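*Asks:* What follows is a protein structure lacking sequence information:
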(Lines give C-alpha, C1' and ligand atoms only; values in the text may rest on other atoms or scores of the structure.)
Protein backbone atom coordinates (compact mmCIF):
# COMPACT_ATOMS: atom_id res chain seq x y z
CA UNK A 1 0.00 0.00 0.00
CA UNK A 2 1.51 3.33 -1.08
CA UNK A 3 -0.57 5.79 0.93
CA UNK A 4 1.37 8.63 2.53
CA UNK A 5 0.90 8.30 6.28
CA UNK A 6 2.08 11.07 8.60
CA UNK A 7 2.50 10.30 12.30
CA UNK A 8 2.30 13.68 14.03
CA UNK A 9 0.45 15.88 16.49
CA UNK A 10 -1.11 19.27 15.67
CA UNK A 11 1.19 21.45 17.82
CA UNK A 12 4.46 20.06 16.43
CA UNK A 13 6.46 22.72 14.50
CA UNK A 14 8.40 20.19 12.42
CA UNK A 15 5.14 18.41 11.61
CA UNK A 16 3.76 21.74 10.41
CA UNK A 17 6.71 21.97 8.02
CA UNK A 18 5.74 18.64 6.46
CA UNK A 19 1.99 19.32 6.51
CA UNK A 20 2.64 22.49 4.52
CA UNK A 21 4.88 20.66 2.05
CA UNK A 22 2.10 18.12 1.54
CA UNK A 23 -0.22 21.01 0.79
CA UNK A 24 2.23 22.58 -1.66
CA UNK A 25 2.66 19.24 -3.42
CA UNK A 26 -1.12 18.66 -3.46
CA UNK A 27 -0.64 15.21 -2.05
CA UNK A 28 -3.42 13.31 -0.30
CA UNK A 29 -2.28 11.84 3.00
CA UNK A 30 -3.43 9.83 6.00
CA UNK A 31 -3.12 11.44 9.43
CA UNK A 32 -2.14 9.42 12.52
CA UNK A 33 -2.18 11.52 15.69
CA UNK A 34 0.49 10.46 18.17
CA UNK A 35 1.07 11.55 21.78
CA UNK A 36 3.11 14.70 22.53
CA UNK A 37 5.22 12.74 25.01
CA UNK A 38 6.45 9.26 25.64
CA UNK A 39 5.26 6.56 25.76
CA UNK A 40 4.24 6.25 22.10
CA UNK A 41 3.21 2.59 22.02
CA UNK A 42 1.96 2.50 18.45
CA UNK A 43 4.89 4.44 16.95
CA UNK A 44 7.82 2.61 18.52
CA UNK A 45 7.08 -0.68 16.68
CA UNK A 46 7.53 1.23 13.42
CA UNK A 47 10.63 3.26 14.28
CA UNK A 48 12.47 0.91 16.63
CA UNK A 49 12.83 3.65 19.23
CA UNK A 50 13.11 6.90 17.26
CA UNK A 51 10.75 9.25 19.07
CA UNK A 52 10.91 12.64 17.34
CA UNK A 53 7.95 14.09 15.45
CA UNK A 54 6.92 13.70 12.66
CA UNK A 55 7.48 10.28 11.11
CA UNK A 56 6.45 9.45 7.55
CA UNK A 57 5.25 5.97 6.64
CA UNK A 58 4.78 4.59 3.15
CA UNK A 59 3.88 0.92 3.49
CA UNK A 60 6.78 -0.74 5.32
CA UNK A 61 9.17 2.18 4.73
CA UNK A 62 9.50 4.44 7.77
CA UNK A 63 11.16 7.83 7.23
CA UNK A 64 12.60 9.79 10.16
CA UNK A 65 13.54 13.49 10.26
CA UNK A 66 11.99 16.19 8.10
CA UNK A 67 15.27 16.67 6.21
CA UNK A 68 14.74 13.23 4.66
CA UNK A 69 10.94 13.30 4.64
CA UNK A 70 10.96 16.46 2.52
CA UNK A 71 13.22 14.78 -0.07
CA UNK A 72 10.93 11.74 -0.19
CA UNK A 73 7.88 13.91 -0.82
CA UNK A 74 9.73 15.97 -3.42
CA UNK A 75 10.60 12.78 -5.31
CA UNK A 76 6.97 11.67 -5.10
CA UNK A 77 5.70 14.98 -6.52
CA UNK A 78 8.59 16.83 -8.20
CA UNK A 79 6.64 19.98 -9.15
CA UNK A 80 7.16 22.57 -7.88
CA UNK A 81 10.66 21.48 -6.83
CA UNK A 82 11.78 21.96 -3.24
CA UNK A 83 15.40 21.75 -4.36
CA UNK A 84 15.73 23.65 -7.67
CA UNK A 85 19.08 23.10 -9.32
CA UNK A 86 19.47 26.85 -9.76
CA UNK A 87 19.11 27.46 -6.03
CA UNK A 88 21.49 25.04 -4.36
CA UNK A 89 21.86 27.43 -1.41
CA UNK A 90 18.28 26.62 -0.42
CA UNK A 91 19.51 23.46 1.33
CA UNK A 92 22.06 25.39 3.39
CA UNK A 93 19.48 27.98 4.44
CA UNK A 94 17.06 25.17 5.35
CA UNK A 95 19.64 23.33 7.47
CA UNK A 96 20.49 26.50 9.39
CA UNK A 97 16.84 27.41 9.93
CA UNK A 98 15.88 23.91 11.09
CA UNK A 99 18.69 24.03 13.63
CA UNK A 100 19.37 27.63 14.69
CA UNK A 101 16.12 29.47 14.01
CA UNK A 102 14.13 26.59 15.49
CA UNK A 103 16.27 26.55 18.65
CA UNK A 104 15.85 30.31 19.08
CA UNK A 105 12.09 30.16 18.49
CA UNK A 106 11.54 27.37 21.02
CA UNK A 107 13.63 29.09 23.69
CA UNK A 108 11.84 32.39 23.02
CA UNK A 109 8.40 30.81 23.31
CA UNK A 110 9.26 28.95 26.51
CA UNK A 111 9.09 32.10 28.61
CA UNK A 112 6.07 32.57 30.90
CA UNK A 113 3.82 34.41 28.41
CA UNK A 114 4.41 31.84 25.70
CA UNK A 115 4.31 28.89 28.03
CA UNK A 116 0.87 29.89 29.34
CA UNK A 117 -0.55 30.11 25.82
CA UNK A 118 0.85 26.80 24.63
CA UNK A 119 -0.50 24.84 27.57
CA UNK A 120 -3.79 26.64 28.04
CA UNK A 121 -6.46 24.20 29.19
CA UNK A 122 -4.02 21.43 30.07
CA UNK A 123 -3.93 19.88 33.52
CA UNK A 124 -0.91 20.43 35.74
CA UNK A 125 0.00 16.74 35.56
CA UNK A 126 0.01 16.93 31.75
CA UNK A 127 2.21 20.02 31.77
CA UNK A 128 4.62 18.45 34.24
CA UNK A 129 4.80 15.31 32.12
CA UNK A 130 5.60 17.41 29.04
CA UNK A 131 8.38 19.29 30.84
CA UNK A 132 9.98 16.09 32.10
CA UNK A 133 9.67 14.49 28.68
CA UNK A 134 11.46 17.41 26.98
CA UNK A 135 14.17 17.37 29.63
CA UNK A 136 14.78 13.72 28.86
CA UNK A 137 14.97 14.54 25.13
CA UNK A 138 17.85 16.94 25.82
CA UNK A 139 19.82 14.36 27.80
CA UNK A 140 23.19 14.02 26.12
CA UNK A 141 22.61 17.13 24.00
CA UNK A 142 22.87 20.87 24.51
CA UNK A 143 20.81 22.90 26.97
CA UNK A 144 18.14 25.36 25.84
CA UNK A 145 19.42 28.93 25.42
CA UNK A 146 18.30 31.73 27.73
CA UNK A 147 15.44 33.98 26.63
CA UNK A 148 17.55 37.14 26.00
CA UNK A 149 19.88 35.19 23.75
CA UNK A 150 16.92 33.61 22.00
CA UNK A 151 15.34 37.02 21.42
CA UNK A 152 18.54 38.34 19.89
CA UNK A 153 18.89 35.38 17.56
CA UNK A 154 15.22 35.50 16.59
CA UNK A 155 15.48 39.18 15.61
CA UNK A 156 18.64 38.39 13.65
CA UNK A 157 16.77 35.76 11.68
CA UNK A 158 13.78 38.02 11.08
CA UNK A 159 16.11 40.63 9.63
CA UNK A 160 17.87 38.01 7.52
CA UNK A 161 14.53 36.85 6.08
CA UNK A 162 13.64 40.49 5.42
CA UNK A 163 16.90 40.89 3.50
CA UNK A 164 16.07 37.84 1.37
CA UNK A 165 12.73 39.41 0.46
CA UNK A 166 14.08 42.92 -0.14
CA UNK A 167 14.02 42.65 -3.93
CA UNK A 168 10.28 41.96 -3.89
CA UNK A 169 10.43 38.24 -4.57
CA UNK A 170 7.49 36.25 -3.16
CA UNK A 171 9.66 33.58 -1.51
CA UNK A 172 13.15 33.41 -0.05
CA UNK A 173 15.03 31.85 -2.94
CA UNK A 174 12.76 31.71 -5.99
CA UNK A 175 9.33 32.49 -7.41
CA UNK A 176 7.96 29.32 -5.83
CA UNK A 177 8.62 28.11 -2.27
CA UNK A 178 11.73 25.97 -1.79
CA UNK A 179 12.88 23.92 1.17
CA UNK A 180 14.33 27.15 2.61
CA UNK A 181 10.85 28.65 2.94
CA UNK A 182 9.34 25.65 4.67
CA UNK A 183 12.25 25.37 7.11
CA UNK A 184 12.12 29.08 7.98
CA UNK A 185 8.33 29.05 8.29
CA UNK A 186 7.73 26.42 10.94
CA UNK A 187 9.74 28.05 13.79
CA UNK A 188 7.88 31.34 13.21
CA UNK A 189 4.60 29.39 13.10
CA UNK A 190 5.49 28.14 16.59
CA UNK A 191 6.05 31.73 17.80
CA UNK A 192 2.74 32.83 16.28
CA UNK A 193 0.94 30.17 18.33
CA UNK A 194 1.69 32.24 21.45
CA UNK A 195 -0.47 35.40 21.02
CA UNK A 196 1.43 37.40 23.64
CA UNK A 197 4.69 36.86 21.75
CA UNK A 198 3.44 36.89 18.15
CA UNK A 199 3.79 40.71 17.81
CA UNK A 200 7.56 40.22 17.55
CA UNK A 201 6.95 39.58 13.85
CA UNK A 202 5.09 42.88 13.36
CA UNK A 203 8.30 44.90 13.19
CA UNK A 204 9.17 43.01 10.01
CA UNK A 205 6.32 43.65 7.56
CA UNK A 206 7.96 41.79 4.66
CA UNK A 207 8.23 38.72 6.87
CA UNK A 208 4.59 39.03 7.85
CA UNK A 209 3.46 39.15 4.21
CA UNK A 210 5.68 36.17 3.34
CA UNK A 211 4.42 34.26 6.39
CA UNK A 212 0.78 34.74 5.42
CA UNK A 213 1.58 33.69 1.85
CA UNK A 214 3.16 30.50 3.14
CA UNK A 215 0.34 29.78 5.59
CA UNK A 216 -2.20 30.11 2.77
CA UNK A 217 -0.70 27.03 1.09
CA UNK A 218 -2.58 24.87 3.57
CA UNK A 219 -2.20 21.18 4.35
CA UNK A 220 -3.83 19.60 1.32
CA UNK A 221 -6.26 16.71 1.62
CA UNK A 222 -5.90 14.49 4.67
CA UNK A 223 -8.00 11.76 6.28
CA UNK A 224 -7.70 10.24 9.72
CA UNK A 225 -6.11 6.83 10.22
CA UNK A 226 -6.10 4.78 13.41
CA UNK A 227 -2.54 4.02 14.59
CA UNK A 228 -3.35 0.31 14.85
CA UNK A 229 -4.38 0.35 11.19
CA UNK A 230 -1.06 2.00 10.30
CA UNK A 231 0.73 -0.89 11.98
CA UNK A 232 -1.38 -3.37 10.02
CA UNK A 233 -0.48 -1.58 6.77
CA UNK A 234 3.22 -1.89 7.59
CA UNK A 235 2.89 -5.57 8.51
CA UNK A 236 1.12 -6.35 5.22
CA UNK A 237 3.57 -4.41 3.05
CA UNK A 238 7.05 -5.01 1.68
CA UNK A 239 9.65 -2.26 1.83
CA UNK A 240 10.58 -0.60 -1.46
CA UNK A 241 13.57 -1.70 -3.51
CA UNK A 242 16.67 0.08 -2.27
CA UNK A 243 18.99 1.20 -5.04
CA UNK A 244 21.53 3.60 -3.60
CA UNK A 245 25.29 3.96 -3.96
CA UNK A 246 27.18 2.33 -1.09
CA UNK A 247 29.43 4.98 0.48
CA UNK A 248 31.13 3.47 3.51
CA UNK A 249 32.92 5.39 6.28
CA UNK A 250 32.43 2.85 9.07
CA UNK A 251 33.81 -0.41 7.71
CA UNK A 252 30.29 -1.73 7.13
CA UNK A 253 28.95 -4.27 4.68
CA UNK A 254 25.30 -4.69 3.65
CA UNK A 255 23.38 -6.47 6.38
CA UNK A 256 25.76 -5.56 9.20
CA UNK A 257 24.20 -5.05 12.62
CA UNK A 258 24.36 -1.32 13.41
CA UNK A 259 22.85 1.37 15.60
CA UNK A 260 21.74 4.76 14.24
CA UNK A 261 20.72 7.65 16.50
CA UNK A 262 20.30 11.44 16.42
CA UNK A 263 23.45 13.37 17.29
CA UNK A 264 21.79 16.32 19.04
CA UNK A 265 18.63 15.56 21.06
CA UNK A 266 16.07 12.81 21.41
CA UNK A 267 19.04 10.45 21.35
CA UNK A 268 17.48 6.99 21.20
CA UNK A 269 19.36 4.26 19.30
CA UNK A 270 17.62 2.33 16.54
CA UNK A 271 19.16 -1.08 15.89
CA UNK A 272 18.89 -3.05 12.68
CA UNK A 273 20.66 -4.51 9.68
CA UNK A 274 22.22 -1.85 7.47
CA UNK A 275 20.64 -1.74 4.01
CA UNK A 276 21.35 1.85 2.86
CA UNK A 277 24.72 3.54 3.34
CA UNK A 278 24.47 6.38 0.82
CA UNK A 279 26.01 9.87 0.81
CA UNK A 280 22.94 11.47 2.36
CA UNK A 281 20.83 8.52 3.48
CA UNK A 282 21.08 5.65 5.98
CA UNK A 283 18.57 2.86 6.59
CA UNK A 284 18.23 -0.31 8.61
CA UNK A 285 15.95 -3.31 8.23
CA UNK A 286 14.34 -4.54 11.42
CA UNK A 287 11.45 -6.73 12.54
CA UNK A 288 8.71 -6.18 15.09
CA UNK A 289 5.91 -8.44 16.26
CA UNK A 290 3.29 -5.78 15.46
CA UNK A 291 4.77 -3.91 12.50
CA UNK A 292 6.40 -6.86 10.75
CA UNK A 293 9.58 -6.29 8.75
CA UNK A 294 10.18 -2.61 8.12
CA UNK A 295 13.00 -0.43 6.82
CA UNK A 296 13.71 2.66 8.93
CA UNK A 297 15.33 5.54 7.03
CA UNK A 298 17.43 8.47 8.30
CA UNK A 299 19.33 11.36 6.75
CA UNK A 300 23.09 11.06 7.24
CA UNK A 301 23.51 14.67 8.35
CA UNK A 302 22.65 15.06 12.04
CA UNK A 303 22.87 11.33 12.81
CA UNK A 304 25.60 8.97 13.91
CA UNK A 305 26.04 5.30 13.22
CA UNK A 306 28.13 2.63 14.84
CA UNK A 307 28.73 -0.97 13.91
CA UNK A 308 27.92 -3.57 16.57
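*Replies:* Everything's here; your move. What you are looking at is a predicted structure, and each value in this text was computed from that prediction instead of being measured.
*Asks:* And the one helix or strand residue 277 maps to, what does it pack against?
*Replies:* Here residue 277 sits within strand 270-278, counting by DSSP states H and E. For strand 270-278, the packing partners by 3 or more CB pairs under 8 Å, 6 or more residues apart in numbering; DSSP states H and E come out as strand 257-262, strand 281-288, strand 292-299. No exception for glycine: its C-beta is placed from N, CA and C like everyone else's.
*Asks:* and of the ones you listed, who's closest to residue 87?
*Replies:* strand 292-299 (19.5 Å; CB to CB).
*Asks:* any idea how far residue 98 is from residue 241?
*Replies:* The spacing between residue 98 and residue 241, counted by CB to CB, to the nearest Å, is 29 Å.
*Asks:* Who has more neighbours out of the two?
*Replies:* residue 98 (24 against 5; other CB atoms under 10 Å).
*Asks:* which SSE is the closest residue to that one other than its chain neighbours in?
*Replies:* Using CB to CB, 6 or more residues apart in numbering and skipping the chain neighbours, the partner closest in space to residue 98 is residue 183 (4.9 Å). Secondary structure assignment for residue 183, by DSSP H and E: helix 179-192.
*Asks:* now the end-to-end length of stretch 221-241.
*Replies:* 28 Å (CA to CA, to the nearest Å).
*Asks:* again with stretch 74-91
*Replies:* Terminal-residue distance, stretch 74-91 (CA to CA): 13 Å.
*Asks:* what's next to that stretch, contact-wise?
*Replies:* Applying CB atoms under 8 Å, 6 or more residues apart in numbering, the contact partners of stretch 74-91 are 4, 21, 24-27, 70-71, 73, 172-174, 176-180, 182.
*Asks:* which ones among those are found in helices?
*Replies:* 21, 24, 25, 70, 71, 73, 179, 180, 182 (DSSP state H).
*Asks:* Give the partner strands of the strand holding residue 277 in its sheet and their orientations.
*Replies:* The strands that strand 270-278 pairs with in its sheet are strand 257-262 (antiparallel), strand 281-288 (antiparallel) (by DSSP bridges).
*Asks:* Out of those, the one nearest residue 115 is which?
*Replies:* From the strands paired with strand 270-278, taking CB to CB, the stretch that ends up closest is strand 257-262, at 24.9 Å.
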